[in-house]
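>>> predicted model, plus sequence, below.
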Amino acid sequence: MAKIAVVDDAKIMRTILGAALEKAGHEVVVLEPLAASEVGEILQKHAPDLLITDYNMPGANGGTVIRMARRVYPDMPVVVVTAFGDAETTAMLNKLKVNAVLRKPVRPEDVQAAVAQALKELEPPPLD
């Protein structure tokens, strides 16, 4: 399956997301919130296929994490988990072209479905 990096400032969310993804057969790299200067280096070290990040975090917020990740891996799918659904956040996430936005609290099956869909979008189209 896929290698997935999970970034969230709440330990309980990192645990929930990690367990849901491992149950679906994915390899999970759980990262605590990062300083902006660390994001690219750490993601490059772990080489994930997909990124799941919280949006509102101390240090490097989700927007910064996504932008830095895309510098290293321009086509990496991104799933955002957030408690914020305001128009400003939604506009920013649309601008960042995230694959999915999940509202907290999240259900494991919703995480699994969003990841499966994002990974499916990476697959090349079938040959005719």
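Happy to help now that I have it. Numbers count the residues shown, from 1 in each chain.
>>> which helix or which strand is home to Ile52?
strand 50-54 (DSSP states H and E).
>>> go on, Val39?
Applying DSSP H and E, one finds Val39 within helix 36-46.
>>> mind listing what's buried along that helix?
Glu38, Val39, Gly40, Ile42, Leu43 (16 or more other CB atoms under 10 Å). For the C-beta atoms, the positions are set from N, CA and C on the backbone; glycine is no exception.
>>> what is that helix packed up against?
For helix 36-46, the elements it packs on are strand 3-7, helix 62-72, judged by 3 or more CB pairs under 8 Å, 6 or more residues apart in numbering; DSSP states H and E.
>>> most tightly surrounded among those?
Greatest average neighbour count among those goes to strand 3-7 (a mean of 24), per mean count of other CB atoms under 10 Å.
>>> report the contact partners of the spatially most central residue of the chain.
By CA atoms, centre = their mean, the chain has its centre lying nearest to Ile52, at 1.5 Å. Counting by CB atoms under 8 Å, 6 or more residues apart in numbering, Ile52 makes contact with 4-8, 17, 21, 78-81, 111, 115.
>>> who's it bridged to?
On the basis of DSSP bridges, Ile52 is bridged to Val6, Val79.
>>> from here on, call the first residue 18.
From this message on, residue numbering opens at 18, which makes the last subject Ile69.
>>> now the longest helix along the chain: average pLDDT?
For the chain, the longest helix by residue count, based on DSSP state H, is helix 125-139. For helix 125-139, mean pLDDT is 93.
>>> which residues touch it?
Counting by CB under 8 Å, 6+ apart, 19, 21, 33-34, 36-38, 40-41, 43, 66-67, 69, 92, 94-96, 98, 116-117, 119 sit against helix 125-139.
>>> apply 6 Å and report the result again.
Ala19, Leu34, Ala37, Ala41, Leu67, Pro94, Val96, Asn116, Ala117, Leu119 (CB atoms under 6 Å, 6 or more residues apart in numbering).
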